[in-house]
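1. The following comprises the amino acid sequence and a computationally predicted model.
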Amino acid sequence: MTDTVAPIAPIVIDDCWNRIGVWRRGADACPELERVIHCRNCERYSAAGRQILQRELPAGYREEWTQVLAMRKPQSQENSESIVIFRLGDEWLAIPSRIVREITSAKSVRRLPHTRKNIVKGLVNMRGELQICVSLGGLLDLEKGAQERRFGSVGISDRMILIAHEGNQYVFPVTEVHGLHRHHPNELQPAPATIGKSKATYTKGVLAWNERHVASLDAELLFHTLNKSLT
């Protein structure tokens, strides 16, 4: 013999706020509005909300959601890393999105004397604060790119990226910004032997993306070198 579950009786609510509302005037207006100003302040409105929240659960509702919440998240969401992909010259690079604070249009750089010109470019005004502008291309020993700048929906050309880590902040110009991308650490491949020595030093792996190879940079080593360049 199969047990049958009695259906739950529907809740009857006098939703006067839908029939009258706060906008009726004259004889059609709710007499309580003069006291409560708005329906949300009325005891009848609050009581109806409690009645809905305290109603009996439908048959199987609790069990169904217990199973849903107990399910493991898809593998695609576990242990993934968020990065910002950008182009510097002809090279596609990426840094962890957690260190990116802002992406802005290109700004003028105020030169600084007695600095390593291949790395430290000068100062940039970012929202009223002067930030140190560095050359990522100089640090990675990249050659000037031959690709033309592209405008439109594919990317954002001529930008500056502000990065921050453990109280240190730097800005560096880039040729083009693609945006955010998520990947799993096991998708990173070792840097090929043909990659430049300086670039290879700061690359923790190469990611295949849109038929391109993106060098994922080591943020810790990047900041360590930039901090040393100022001492």
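-> Great, that's in hand. Numbering: from 1, shown residues only.

2. ok, for Arg159, nearest residue in space, not its chain neighbours?
-> Val177 (4.8 Å; CB to CB, 6 or more residues apart in numbering). Any C-beta I mention is one placed from the backbone N, CA and C, and that applies to glycine too.

3. Is the one you found bridged to anything, and to what?
-> Here Val177 sits in beta bridges with Phe86, Ile156, going by DSSP bridges.

4. wait, it sits on Glu102?
-> No - using CB atoms under 8 Å, Val177 is not in contact with Glu102; the gap is 11.5 Å.

5. who touches stretch 196-213?
-> With contacts defined as CB atoms under 8 Å, 6 or more residues apart in numbering, stretch 196-213 is touched by 83, 85, 91-92, 94, 139-142, 181, 183, 185, 187-192, 195, 214-218, 221-222, 225.

6. Those residues in strands, which ones?
-> Those of the contacts of stretch 196-213 mapping onto strands are Ile83, Ile85, Glu91, Trp92, Ala94, His181, His183, Val214, Ala215, Ser216, Leu217, per DSSP state E.

7. I'd like these written out as JSON lines, with distance to Asn18 and neighbour count added.
-> Below are the ones in strands among the contacts of stretch 196-213 laid out as JSON lines (distance: CB to CB, whole Å; neighbours: other CB atoms under 10 Å):
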{"residue": "Ile83", "distance to Asn18": "49", "neighbour count": "25"}
{"residue": "Ile85", "distance to Asn18": "49", "neighbour count": "23"}
{"residue": "Glu91", "distance to Asn18": "60", "neighbour count": "22"}
{"residue": "Trp92", "distance to Asn18": "55", "neighbour count": "20"}
{"residue": "Ala94", "distance to Asn18": "52", "neighbour count": "23"}
{"residue": "His181", "distance to Asn18": "46", "neighbour count": "17"}
{"residue": "His183", "distance to Asn18": "49", "neighbour count": "19"}
{"residue": "Val214", "distance to Asn18": "54", "neighbour count": "24"}
{"residue": "Ala215", "distance to Asn18": "59", "neighbour count": "22"}
{"residue": "Ser216", "distance to Asn18": "55", "neighbour count": "25"}
{"residue": "Leu217", "distance to Asn18": "57", "neighbour count": "22"}
